[in-house]
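> Task: produce atomic coordinates for the following.
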Amino acid sequence: MSIKVVLFDLDGTLLPMDQNHFLKTYLGKLAARLAPHGYDPQEFLAAMWRSTGAMVGNDGTKTNERAFWDAFSAILGTRVLDDYSVFEAFYDEEFDSVGPIVAKPTEKARALIEALHARGIRTALATNPLFPTVATEKRIAWAGLKTSDFELFTTYENAVYSKPNPKYYLAIADQLGVDPAECVMVGNDVDDDMVAASLGMKVFLLTDHLINKSGTDISQYPNGDFDALAAFLKEI
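Purely as a prediction, here's the structure:
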């Protein structure tokens, strides 16, 4: 079966960065923005992690956005819903300041996308849908890319599953109208991204910013740096 679509992860893949550095910087700035509104930074961060876990465990009965805010308001109280505009203001006004600190964009990302489009191969952004659209759009821009480079990109508003649930990838294939076997998934996280292989997708593990929390033997997957990825995609 021929390949029709390449799915790309964003953070650590098309957007080179250290994930821990990104999360520490991003969440630190968000906690500081909310502190003047009466949120203890440590309690706030603990609630963020638990509510993110609610999105990761989402069973498809609600959007990830609803899963997050249901959990978040249950932990911190319904006052967080009244302060929703503060969160919006953070993403509009301050989130972009994280990019120059943590992101190391590469021209190789755009070259990959353009080479695929020149061959008539479709592209989609399979970034874990734990962020609102505005934050995802900004991270795409940090990578030197545009939202129009992708047929779709997943956010917490439009997704009902998250990585590493295989149903997340199946939902993308369904939305694109293709069989999973007609897709390639490219990512840097063994647990989150390589699970796509269980659906019959081809996979490539980008090792420039490898995440391998479970210590899996990665030799079972095609893997390597950006140059190796470009060669792999050229062959499909």
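> separation between Leu112 and Pro132?
Separation of Leu112 from Pro132 (C-beta to C-beta, to the nearest Å): 26 Å. In this view, the C-beta of every residue, glycine as well, is placed from N, C-alpha and C.
> Comparing those two, which residue is more hemmed in?
For the pair Leu112 and Pro132, the greater number of neighbours falls to Leu112 (21 against 18), based on other C-beta atoms under 10 Å.
> which residues touch the more buried one?
The neighbours of Leu112, taking C-beta atoms under 8 Å, 6 or more residues apart in numbering as the test, are Leu14, Phe226, Leu229, Ala230, Leu233.
> Identify the residue nearest the residue of the chain positioned farthest from its centre in space, chain neighbours excluded?
Summary for the chain: using C-alpha atoms, centre = their mean, the residue whose C-alpha lies farthest from the chain's mean C-alpha position is Gly38, with a distance of 29.8 Å. Taking C-beta to C-beta, 6 or more residues apart in numbering as the measure, Gly38 lies nearest to Arg79, with 7.8 Å between them; neighbours along the chain are not counted.
> same question, Asp9
In space, and not counting its chain neighbours, Asp9 is closest to Gly187: 3.5 Å by C-beta to C-beta, 6+ apart.
> Where do the domain boundaries of this protein fall?
Dividing the chain into domains by automatic domain parsing, as the record does, gives the ranges 5-17+104-235, 20-99.
> if I look at the residue positioned nearest the centre of the chain, how far off is Trp142?
The geometric centre of the chain, computed from its C-alpha atoms, lies nearest to Thr127 (C-alpha atoms, centre = their mean), at 2.4 Å. Plainly put, Thr127 is 12 Å away from Trp142 if you go by C-beta to C-beta.
> ok, now Asp174?
Asp174 sits at a distance of 29 Å from Trp142 (criterion: C-beta to C-beta).
> If you count surrounding residues, which of the two has more?
Neighbour tally, Asp174 and Trp142, criterion other C-beta under 10 Å: the higher count belongs to Trp142, 22 against 12.
> ok, now which ones touch that one?
With contacts defined as C-beta under 8 Å, 6+ apart, the neighbours of Trp142 are Leu15, Gly99, Ala103, Pro105.
> Contact partners for the second one?
I take that to be Gly99. Residues in contact with Gly99, defined by C-beta under 8 Å, 6+ apart, are Lys138, Arg139, Ala141, Trp142.
> in a helix, that's where it is, yeah?
Yes. Following the definition DSSP: H, G, I helix; E, B strand; the rest coil, Gly99 is counted among the residues of a helix.
> What separation is there between it and Lys4?
Distance, Gly99 to Lys4, using C-beta to C-beta: 32 Å.
> May I ask you to confirm that Trp69 belongs to a strand?
No. When the secondary structure is assigned by three-state DSSP, Trp69 falls in helix instead of a strand.
> That one: neighbouring residues, count only.
Burial of Trp69 is recorded as 19 neighbouring residues (other C-beta under 10 Å).
> Cheers, nothing more for now.
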